[in-house]
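Visitor: just the structure for this:
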Amino acid sequence: MLSKIPQPVSITKDDIYVFESQHAKNFKMELGVWNFAKICLIRKGAGFIKTKTTSIKIKNDEIVYIPENYPHKFVDKYGSPLTLLMICFSPETFQLTSLFKDSYRHFQKNVLPLQPIDTYKSHRRIDLYKKFKRMVFEQTTKRPEFEIKNWGSLFELIAMISRTAIEVRLIRDSITPKNNFLKSIDYIDENFTEDIKIKTLAAASEISYRHYTSLFKNHKGITVNTYIKELRLGFAKKRLLETENILYSALDSGFSDLSNFYRVFKSDTGMTPQQFIDNYTTE
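Guide: Numbers count the residues shown, from 1 in each chain. The predicted structure is shown next:
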């Protein structure tokens, strides 16, 4: 349903609330102050975040952090109403442990208030969007433990956004295909257990699919798929020795097909996963 006014949100200590706001053409918002922090993903449209003294442009694929008690309002650009994925949370929760404090402090150091982070060129863009949408789903369905699920997602999101902010600054300061290409390798190293599409890596690196695969082969000496396979196998070996569970080790490492995992594993090691476990646990 299209919104003409902001969705009312009330946050108390340790609360978190997530929602999607699709603005109507006549959406209006007054300048206000809220006692909770916000992390906003602009899913669609364009507009401004206005304060008492400034007006910051925002557009789709950008993420904005707004601290608590920070006067602001959203204003849509004419003809391009905003659709926002919004996470509202109590920062007090991040004071519960020194680890949480350090994580939030690091986030605030890298993600400046009301300074949009353009995720369009980031290899994390799709992952960030999925994380926001999953949190909206949990909030909407309200299944058992949905709040703790969303807090867990927020902790992960804090780290992802912080890393993305650093990445975006590096790309901005050195906008070259080589820089973007090297960032794509960092992304693979961080996400090899997930489903990674070469066409997505190439698009984010701003080069063609063919050029990307050729550049990767020249840089690493192997193909993209072989590189991902080797990362997965290395991780699977660690998980096999830690858990001695073949199915979980295969799934944890990014192999969705157990028979394929057996075939790839034996081709690489000359052993079945069980033989690998027996060989190392009996030494």
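
Visitor: what pLDDT is listed against the nearest residue to Leu82 once chain neighbours are set aside?
Guide: In this structure, Leu82 finds its nearest non-sequential neighbour in Gly45, 4.0 Å apart by Cβ to Cβ, 6 or more residues apart in numbering. Backbone N, C-alpha and C define where each C-beta goes, glycine included. Here the pLDDT value assigned to Gly45 is 94.

Visitor: thought Pro81 was touching Gly45, still the case?
Guide: Yes - assessed by Cβ atoms under 8 Å, Gly45 is found in contact with Pro81 at 5.2 Å.

Visitor: for these two, list the residues in contact with both.
Guide: Common contact partners of Gly45 and Pro81 (Cβ atoms under 8 Å, 6 or more residues apart in numbering): His23.

Visitor: all helices in this protein, in order from the N-terminus.
Guide: 98-110, 125-141, 146-173, 177-191, 198-204, 209-220, 224-243, 246-252, 258-269, 273-281 (DSSP state H).

Visitor: any idea of the mean pLDDT for the fourth one?
Guide: If you average the pLDDT over helix 177-191, you get 81.

Visitor: could you list the low-pLDDT ranges of the stretch 1-150 of the chain?
Guide: 1, 121 (pLDDT under 70).

Visitor: now do Arg210 against Ile148, distance only.
Guide: 46 Å (Cβ to Cβ, to the nearest Å).

Visitor: can you give me the neighbour number for Gln7?
Guide: 12 (other Cβ atoms under 10 Å).

Visitor: ok, now which ones touch it?
Guide: Per Cβ under 8 Å, 6+ apart, neighbours of Gln7: 19, 21.

Visitor: one more: Asp186?
Guide: 123, 167.

Visitor: domains in the protein, as residue ranges please.
Guide: Here the domain assignment for the chain is 2-173, 177-221, 225-281, based on automatic domain parsing.

Visitor: so, low pLDDT: which residues of the stretch 151-283 of the chain?
Guide: If you take pLDDT under 70 as the line, the stretch 151-283 of the chain has these spans: 170-178, 281-283.

Visitor: how does it look with 80?
Guide: 167-180, 281-283 (pLDDT under 80).

Visitor: residues near the residue nearest to Leu82, how many?
Guide: Neighbour count for Gly45, taken as other Cβ under 10 Å: 18.

Visitor: and it, how close does it get to Lys38?
Guide: In this view, Gly45 and Lys38 are 17 Å apart by Cβ to Cβ.

Visitor: Lys57 reaches Lys50, doesn't it?
Guide: No - using Cβ under 8 Å, Lys57 and Lys50 do not qualify as a contacting pair, with a distance of 10.5 Å.
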